[in-house]
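K.L.:
what shape does this take:
(chains A and B)
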Amino acid sequence: MTVKRGLAEMMKGGVIMDVVTPEQARIAEDAGACAVMALERVPADIRRDGGVARMSDPEMIEGIKAAVSIPVMAKARIGHFVEAQILESLGVDFVDESEVLTPADETHHIDKLQFAVPFVCGATNLGEALRRISEGAAMIRSKGEAGTGNIVEAVRHLRSIIGDMRKITQADSAELFEWAKRLQAPLPLVQEIAETGWLQVPLFCAGGIATPADAALAMQLGAEAVFVGSGIFKSDDPAPRAKAIVEATTHFRDPHILAKVSRGLGAPMTGIGMDEVNQKFAERGW
Amino acid sequence: MEVGVLALQGAFAAHQNALSECGIKSRQVRVAEDLEGLSGLILPGGESTTMSNLLLRSGLFAAVKEGIGSGLHVFGTCAGMILLARQVSDGRDDQVSFGAMDISVQRNAYGRQVDSFETDIEISGLNAPFHAVFIRAPRVSRLGSDVEVLATFEDSPVLVAEGNCIAAAFHPELSLDSRVHQIFVNRIENAVVASKS
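P.N.:
This next block holds a predicted model:
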């Protein structure tokens, strides 16, 4: 587990970018991405196209692996352990058991302890995060609402996860039993948070980041790194925006640098308001 | 004494925990001004391409290079080792390094993440083995004659020192064992004593 969690530790302070072609992967690496997520369609397109979204074609993933030297992640459907087995055999560095793809199992997530490859899973609240950690996830990310270019859901999830951790550190030992019950999470993991004040694995932000300011907001709220999905390659001019988001994630507390990197980036992705979203990906996962 | 940890990207928080275990105050370094008054600097693990990119854009590259030249003590782990090496293979063509140690390293030489591993190694000066975590680790492929080898794994040097620099291919900050960080702190303290005498 140290080795799996260790790679997540190495990605802290960095930006993981969704890419659909080797060329986009190179743009991401040039911009300073600390990893790329290889997929066939970015979430905004999955949302638009509808239908069933599945694991990407291995050939496409291999093309991206060959194009860059940084770690490559890929997505498997929730509960689809065979897709995860295939991704592991391809040598991807991290598997995202992702709500952006159509779930394959309505009750169970993948038993991630059976794999050598590390997994990242989404969470909307602390209970969900701890259930994923108990199944073997080496990294937790907020779900946000992928493909919307709208940060509001990611903020909600980060505030919920981090706020509850803060409350748990104030609870006495008897109250921890009630916390475990309320969160539907294993008691030992709740007790560990009471002691350390933080999750057992790194907590990253995903879902709706479209600007450098969005990335810095997630970091100031307590996220330890960010995923940017549709926000880069659905914008007018991806390369400078990718660079700016990388710098904003590093210098997230420095408004002068944030102002400097936010200048002249062209239009961000258009985005959609939550009242216009007809399918919430974040509701997938149990 | 205060030690800086380069915090552009990577495992800087874990290094700060290890330094605090040694009773050493630490500071995150993101811009050149953050270097002021430091006795040492840790270059953490992470992605060396990302760090190289951000070092150039923040103006820190020149400042750190100058600092190392004028005797700043530096400890590089994994990506940090790559940043200290004179030659880097399997990196990007535009990737920069400080070239402060006369070693050549091969990036990601042990393979991808599924090939990452942990193992006990013997370190010169420590009386019990150290549990070392190797993650997409670099391999030292050439050693200059002035480089001291403090530990090896499978015939490759994994902890090396030269002048005011020390570098590890593994991640001592992930082991919850601060003895390697203590070696770095001792080197700084010994240099201070030596300069006074």
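
K.L.:
next, the buried residues of stretch A:51-60.
P.N.:
Buried residues in stretch A:51-60, counted by 16 or more other C-beta atoms under 10 Å in any protein chain shown: A:Ala53, A:Met55, A:Ser56, A:Met60. Quick note: C-beta positions are derived from backbone N, CA and C, even for glycine.

K.L.:
ditto for stretch A:224-242
P.N.:
Across stretch A:224-242, burial judged by 16+ other C-beta under 10 Å covers A:224-235, A:238, A:240-242.

K.L.:
could you do stretch A:192-200 as well?
P.N.:
Quick answer for stretch A:192-200 (16+ other C-beta under 10 Å): A:Glu192, A:Ile193, A:Ala194, A:Leu199, A:Gln200.

K.L.:
stretch B:62-70 too?
P.N.:
Using 16+ other C-beta under 10 Å as the test for burial, stretch B:62-70 gives B:Ala63, B:Val64, B:Lys65, B:Gly67, B:Ile68.

K.L.:
per-residue confidence for the second one?
P.N.:
When you say that, I think you mean B:Val64. B:Val64 carries a pLDDT value of 98.

K.L.:
just the CA coordinates for the helix or strand of chain B with the lowest mean pLDDT, please, in PDB.
P.N.:
The helix or strand of chain B with the poorest confidence is helix B:179-196; it has a mean of 92 (mean pLDDT, DSSP states H and E). What follows is helix B:179-196, C-alpha atoms only, in PDB (Å, rounded to 0.1, in the frame of the first residue of the first chain):
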ATOM      1  CA  ARG B 179      17.300   8.500   9.700                       C
ATOM      2  CA  VAL B 180      18.200   9.400   6.100                       C
ATOM      3  CA  HIS B 181      17.000  13.000   6.700                       C
ATOM      4  CA  GLN B 182      19.100  12.900   9.800                       C
ATOM      5  CA  ILE B 183      22.100  12.100   7.700                       C
ATOM      6  CA  PHE B 184      21.400  15.200   5.600                       C
ATOM      7  CA  VAL B 185      21.000  17.400   8.700                       C
ATOM      8  CA  ASN B 186      24.200  16.000  10.100                       C
ATOM      9  CA  ARG B 187      26.100  16.900   6.900                       C
ATOM     10  CA  ILE B 188      24.800  20.500   7.200                       C
ATOM     11  CA  GLU B 189      25.800  20.700  10.900                       C
ATOM     12  CA  ASN B 190      29.300  19.100  10.300                       C
ATOM     13  CA  ALA B 191      30.000  21.600   7.500                       C
ATOM     14  CA  VAL B 192      29.100  24.400   9.900                       C
ATOM     15  CA  VAL B 193      31.500  23.000  12.500                       C
ATOM     16  CA  ALA B 194      34.200  22.500   9.900                       C
ATOM     17  CA  SER B 195      33.900  26.000   8.600                       C
ATOM     18  CA  LYS B 196      34.200  27.400  12.200                       C
END
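
K.L.:
residues touching residue 125, list them.
P.N.:
Assuming you mean chain A. Neighbour list for A:Asn125: A:His157, A:Ser160, A:Ile161, A:Asp164, A:Leu183 [criterion: C-beta atoms under 8 Å, 6 or more residues apart in numbering or on different chains].

K.L.:
sorry, should have said chain B
P.N.:
Going by C-beta under 8 Å, 6+ apart, B:Gly125 touches B:Leu150, B:Ile183.

K.L.:
confirm it sits in a helix?
P.N.:
No. Counting by DSSP: H, G, I helix; E, B strand; the rest coil, one finds B:Gly125 to be coil, located in no helix.

K.L.:
in the sheet, who's paired with the most centrally placed residue in chain B?
P.N.:
By C-alpha atoms, centre = their mean, chain B has its centre lying nearest to B:Gly76, at 0.8 Å. Beta-bridge pairing of B:Gly76 under DSSP bridges involves B:Leu43, B:Ala167.

K.L.:
residues contacting it?
P.N.:
Contact analysis of B:Gly76 by C-beta under 8 Å, 6+ apart lists B:Ile42, B:Leu43, B:Ile82, B:Leu83, B:Leu84, B:Cys165, B:Ile166, B:Ala167, B:Ala168.

K.L.:
and the first one, how many residues sit next to it?
P.N.:
Neighbouring residues of B:Ile42 were enumerated by other C-beta atoms under 10 Å in any protein chain shown; the total is 27.

K.L.:
which pLDDT value belongs to the residue of the stretch 51-200 of chain A found nearest chain B?
P.N.:
Using C-beta to the nearest C-beta, A:Asp93 is the residue of the stretch 51-200 of chain A that sits closest to chain B, at 3.8 Å. Note on A:Asp93: pLDDT of 97.

K.L.:
I figured it hits A:Val117, correct?
P.N.:
Yes. Applying C-beta atoms under 8 Å as the test, A:Asp93 and A:Val117 come out as touching, 7.4 Å apart.

K.L.:
can you list residues touching both of these two?
P.N.:
Common neighbours of A:Asp93 and A:Val117 (C-beta under 8 Å, 6+ apart) are B:Gln113, B:Val114.

K.L.:
what are the ranges of the helices in chain B?
P.N.:
Assigned by DSSP state H, chain B shows helices spanning B:12-21, B:48-58, B:60-69, B:79-84, B:179-196.

K.L.:
looking at these, which is nearest to B:Ala137?
P.N.:
Judged by C-beta to C-beta, the one of the helices of chain B that comes nearest to B:Ala137 is helix B:79-84, at 8.8 Å.

K.L.:
out of the contacts of A:Asn125, which is most surrounded?
P.N.:
Counting by other C-beta under 10 Å, top hit in the contacts of A:Asn125: A:His157 with 29 neighbours.

K.L.:
hang on, that residue in a helix?
P.N.:
Yes. Assigned with three-state DSSP, A:His157 falls within a helix.

K.L.:
which residues are in contact with the closest residue to it other than its chain neighbours?
P.N.:
Distances taken as C-beta to C-beta, 6 or more residues apart in numbering or on different chains place A:Ser142 nearest to A:His157, at 3.8 Å, with adjacent residues excluded. By C-beta under 8 Å, 6+ apart, the residues touching A:Ser142 are A:122-124, A:153-154, A:157-158, A:161, A:203-207, A:218, A:223.

K.L.:
which one of those sits in the busiest neighbourhood?
P.N.:
Most neighbours among the contacts of A:Ser142, by other C-beta under 10 Å: A:Gly207, with 34 neighbours.

K.L.:
so which helix or strand takes in that one?
P.N.:
Assigning secondary structure by DSSP states H and E places A:Gly207 outside every helix and strand.

K.L.:
quick one: contacts for the closest residue to it other than its chain neighbours?
P.N.:
Residue nearest to A:Gly207 in three dimensions, not counting chain neighbours: A:Gly144, with 1.6 Å by C-beta to C-beta, 6+ apart. Going by C-beta under 8 Å, 6+ apart, A:Gly144 touches A:Ile151, A:Glu153, A:Ala154, A:His157, A:Cys205, A:Ala206, A:Gly207, A:Gly208, A:Ile209, A:Ala282.
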